[in-house]
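**Q** only the shape, not the letters, is given here:
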């Protein structure tokens, strides 16, 4: 996962478009306001585990890392939830690129970018 943050092709980490076409409606329900909290928590845990596996050799402060991974998982899950709520109006590759840019440069850099949308 970290290789995608540092300039790798994040499209390789995304499920194919057919996945979202087939399961997008279900995902919207599961992560929505009246969704399944246990599913959301499992998804958050999965995201944190992905980042931990990729970064474990670079972690110098485990307590701090736990907070960082919580931040990352919450941010990504929040974006995905919002995307599903908006009926996936942004193409998945564009969303993936936005997540990559946010992870690499942070939200303020993305907001101030003069190069247009991600």
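**A** The structure has been received and is ready for your questions. This structure is a prediction, so every number in the text was calculated from the model and none was measured.
**Q** now do the helices in the chain.
**A** Along the chain, counting by DSSP state H, helices occupy 2-5, 17-31, 37-55, 62-85, 92-105, 107-111.
**Q** in JSON lines: the ones you listed, plus mean neighbour count and mean pLDDT.
**A** From N, CA and C alone the C-beta is placed, and that goes for glycine too. Below are the helices of the chain laid out as JSON lines (neighbours: other Cβ atoms under 10 Å; pLDDT from 0 to 100):
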{"stretch": "helix 2-5", "mean neighbour count": "16", "mean pLDDT": "49"}
{"stretch": "helix 17-31", "mean neighbour count": "14", "mean pLDDT": "86"}
{"stretch": "helix 37-55", "mean neighbour count": "14", "mean pLDDT": "89"}
{"stretch": "helix 62-85", "mean neighbour count": "15", "mean pLDDT": "92"}
{"stretch": "helix 92-105", "mean neighbour count": "17", "mean pLDDT": "88"}
{"stretch": "helix 107-111", "mean neighbour count": "10", "mean pLDDT": "86"}
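**Q** residue nearest the centroid of the protein?
**A** Using Cα atoms, centre = their mean, the residue of the chain that lies closest to the mean C-alpha position is residue 76, 3.2 Å off.
**Q** nearest spatial neighbour of that one, skipping sequence neighbours?
**A** Once flanking residues are discounted, residue 76 sits nearest to residue 47: 5.6 Å by Cβ to Cβ, 6 or more residues apart in numbering.
**Q** can you pull the contacts of that neighbour?
**A** Counting by Cβ atoms under 8 Å, 6 or more residues apart in numbering, residue 47 touches 69, 72, 73, 76, 77.
**Q** ok, now residue 25?
**A** Neighbours of residue 25 in contact, by Cβ under 8 Å, 6+ apart: none.
**Q** ends of stretch 54-66, how far apart?
**A** The stretch stretch 54-66 measures 14 Å between its terminal residues, going by Cα to Cα, to the nearest Å.
**Q** am I right that the residue nearest to the centre of the chain is in contact with residue 99?
**A** Yes - applying Cβ atoms under 8 Å, one finds residue 76 in contact with residue 99, separated by 6.3 Å.
**Q** returning to what we had before: which one of the contacts of residue 47 is nearest to residue 92?
**A** For the contacts of residue 47, the residue nearest residue 92 by Cβ to Cβ is residue 76; the value is 13.6 Å.
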